[in-house]
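Student: Sequence first, predicted model second:
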Amino acid sequence: MRELQKAIVEEMGVKPEIDPEQEVTRRVDFLADYLKATGAKGLVLGISGGVDSSLAGKLCQLAVEQLRAEGLDATFHAMRLPHGIQHDEDDAKRAVEFIAPDQTHTFNIEKAVTGVDVAFNESFGRNLLDYHRGNVKARLRMIAQYAVAGEQQALVVGTDHAAESTTGFFTKYGDGGADVLPLFTLNKRQVRVLLKHLGADERLWMKAPTADLLDETPGQLDETELGITYDHIDDYLEGREIPEAEAEKLEKRYLATRHKRTVPVSIADQWWRS
Ligand SMILES: Nc1ncnc2c1ncn2[C@@H]1O[C@H](COP(=O)(O)OP(=O)(O)OC[C@H]2O[C@@H]([n+]3cccc(C(=O)O)c3)[C@H](O)[C@@H]2O)[C@@H](O)[C@H]1O
Ligand SMILES: Nc1ncnc2c1ncn2[C@@H]1O[C@H](COP(=O)(O)OP(=O)(O)OP(=O)(O)O)[C@@H](O)[C@H]1O
Ligand SMILES: [Mg+2]
């Protein structure tokens with residue numbers, strides 16, 4: 001293994017082989033135990049119709065059901081957070097049907113995104129670039145989830161996993177802003193394996209990942225923007241050899257996004273100097 005690869009695999013905690021049942025159990029137990037320890041009354045998560053939130057949502061629902069079976073008060077709040085009309089609306093509905101959450105709330109973030117864009121225009125005399133408006137969408141989804149979590153005394157669940165974390169492929173304080181991360185240590189193919197294991201429709205566990213943040217290119221595939229395939233990222237995280245050029249691209253992204261995987265840099269920190 002490459003020297004940096006060893007350090008990344010260790011930091012991300014990815015196992016080259018997993019037992020799906022065991023992985024589901026320990027993640028559901030983690031959510032349930034954490035809820036018990038904090039005294040929070042439930043979990044909140046945006047359901048997009050993508051692979052990650054379909055799995056995380058199911059784990060949330062199983063965790064609150066487990067707590068209720070013990071006589072505790074716990075509710076899962078699934079949130080549909082479309083920007084206008086979601087082009088893959090069918091998949092979002094399919095995911096909600098699969099998860100069967102206690103409650104589903106729909107918040108359309110379009111007006112809030114437009115509000116930010118209007119204020120930006122008043123200040124800068126032009127609209128936000130599509131790419132930056134995309135990050136505003138991700139951050140407004142975070143705000144919507146925290147608004148509900150505050151009202152319901154619940155915690156916000158994030159879907160960050162090893163493949164996204166390594167590449168920094170998330171919006172800082174957007175989808176990266178959450179209280180608990182039940183998918184951490186899984187790579188992308190392992191997320192799919194767990195989702196399939198839990199009985200999701202093939203359309204959900206096979207779905208091609210998209211951040212879907214751009215108005216100009218709706219449904220743009222993550223792999224198009226990343227310039228690296230998830231298969232290569234997953235192989236790398238399982239300790240396998242991947243083509244040199246791909247490993248270099250991945251490591252460059254890992255190093256450039258270090259600031260996203262930590263609390264804000266303070267005057268006492270030194271890690272950023274290396
Ligand atoms: N060295 C440094 N130390 C401390 N802070 C630093 C920094 N460099 C930038 N920053 C800060 O970070 C900001 C840039 O980070 P950020 O705002 O996240 O922006 P950025 O990384 O440019 O964009 C987010 C990326 O994640 C992708 N994404 C987002 C959301 C969901 C998904 C998905 O897979 O579904 C993917 C999205 O497509 C895009 O490629 C800068 O504006 C600056 O404020
Ligand atoms: N349209 C949406 N509705 C509700 N939540 C969303 C939406 N888009 C993004 N999110 C939230 O942001 C998270 C990050 O998006 P991301 O695309 O990484 O995950 P995903 O859509 O669940 O899976 P995939 O990566 O396979 O597309 C989602 O898991 C979800 O919680
Ligand atoms: Mg997605």
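Tutor: Looks like it arrived, so ask away. Ligands and ions are numbered 1, 2, ... in the order given.
Student: Summarise which helices and strands the longest helix belonging to the chain is packed against.
Tutor: Taking DSSP state H as the criterion, the chain has its longest helix at helix 130-152. Here helix 130-152 touches strand 42-46, strand 75-80, helix 110-124, strand 155-156, going by 3 or more C-beta pairs under 8 Å, 6 or more residues apart in numbering; DSSP states H and E. Where you see a C-beta, it was placed from the backbone N, CA and C, and this is true even at glycine.
Student: 6 Å instead, please
Tutor: strand 42-46, helix 110-124, strand 155-156 (3 or more C-beta pairs under 6 Å, 6 or more residues apart in numbering; DSSP states H and E).
Student: Burial check on residue 77, number of neighbours?
Tutor: Residue 77 has 24 neighbours, counted by other C-beta atoms under 10 Å.
Student: Could you measure from it over to residue 41?
Tutor: 10 Å (C-beta to C-beta, to the nearest Å).
Student: next one: residue 122
Tutor: Distance from residue 122 to residue 41, by C-beta to C-beta: 40 Å.
Student: Which one of these two is surrounded by more residues?
Tutor: Applying other C-beta under 10 Å to residue 122 and residue 41 shows that residue 41 carries more neighbours, namely 18 against 8.
Student: Below-threshold pLDDT in the stretch 101-250 of the chain: ranges please.
Tutor: By pLDDT under 70, the stretch 101-250 of the chain contains no weakly predicted segment.
Student: residues from it in reach of ligand 3?
Tutor: Selection of the stretch 101-250 of the chain residues close to ligand 3 by C-beta under 5 Å from the ion yields residue 210.
Student: OK, now which residue of the stretch 101-250 of the chain is nearest to ligand 3?
Tutor: residue 210 (5.0 Å; C-beta to the ion).
Student: what does the chain give?
Tutor: residue 50 (3.2 Å).
Student: and residue 132, how many neighbours?
Tutor: Residue 132: 13 neighbours (other C-beta under 10 Å).
Student: and it, how far is that from residue 156?
Tutor: Using C-beta to C-beta, we find residue 132 at a distance of 23 Å from residue 156.
Student: now swap in residue 107 and tell me
Tutor: 13 Å.
Student: hmm, back to that, starting at the chain centroid, how far to the longest helix of the chain?
Tutor: Chain-centre distance of helix 130-152: 13 Å, with C-alpha atoms, centre = their mean, to the nearest Å.
Student: Not counting its neighbours along the chain, what's nearest the residue nearest the centre of the chain?
Tutor: What sits nearest the mean C-alpha location of the chain, by C-alpha atoms, centre = their mean, is residue 159, with 2.6 Å. Excluding the flanking residues, the one nearest residue 159 by C-beta to C-beta, 6 or more residues apart in numbering is residue 52, at 3.9 Å.
Student: hmm, back to that, what is the burial count for the residue of the stretch 101-250 of the chain closest to ligand 3?
Tutor: By other C-beta under 10 Å, neighbour count at residue 210 equals 21.
Student: Can you get me a residue count around the closest residue to residue 87 other than its chain neighbours?
Tutor: Spatially, and ignoring its direct neighbours in sequence, residue 87 is nearest to residue 218 (5.0 Å; C-beta to C-beta, 6+ apart). Each residue near residue 218 was counted by other C-beta under 10 Å, and the total is 14.
Student: Same question for residue 86.
Tutor: Residue 86 sits with 19 neighbouring residues when counted by other C-beta under 10 Å.
Student: sec struct for it, please.
Tutor: Here residue 86 is coil, with the state taken from DSSP: H, G, I helix; E, B strand; the rest coil.
Student: Phi and psi next, for it.
Tutor: Dihedral angles phi and psi of residue 86 (degrees, to the nearest 10) take the values phi -70, psi 130.
Student: Name the nearest residue to it, ignoring sequence neighbours.
Tutor: In this structure, residue 86 finds its nearest non-sequential neighbour in residue 92, 5.9 Å apart by C-beta to C-beta, 6+ apart.
Student: Test my guess that that neighbour contacts residue 46.
Tutor: No. Residue 92 lies out of contact with residue 46 (C-beta atoms under 6 Å); the separation is 9.7 Å.
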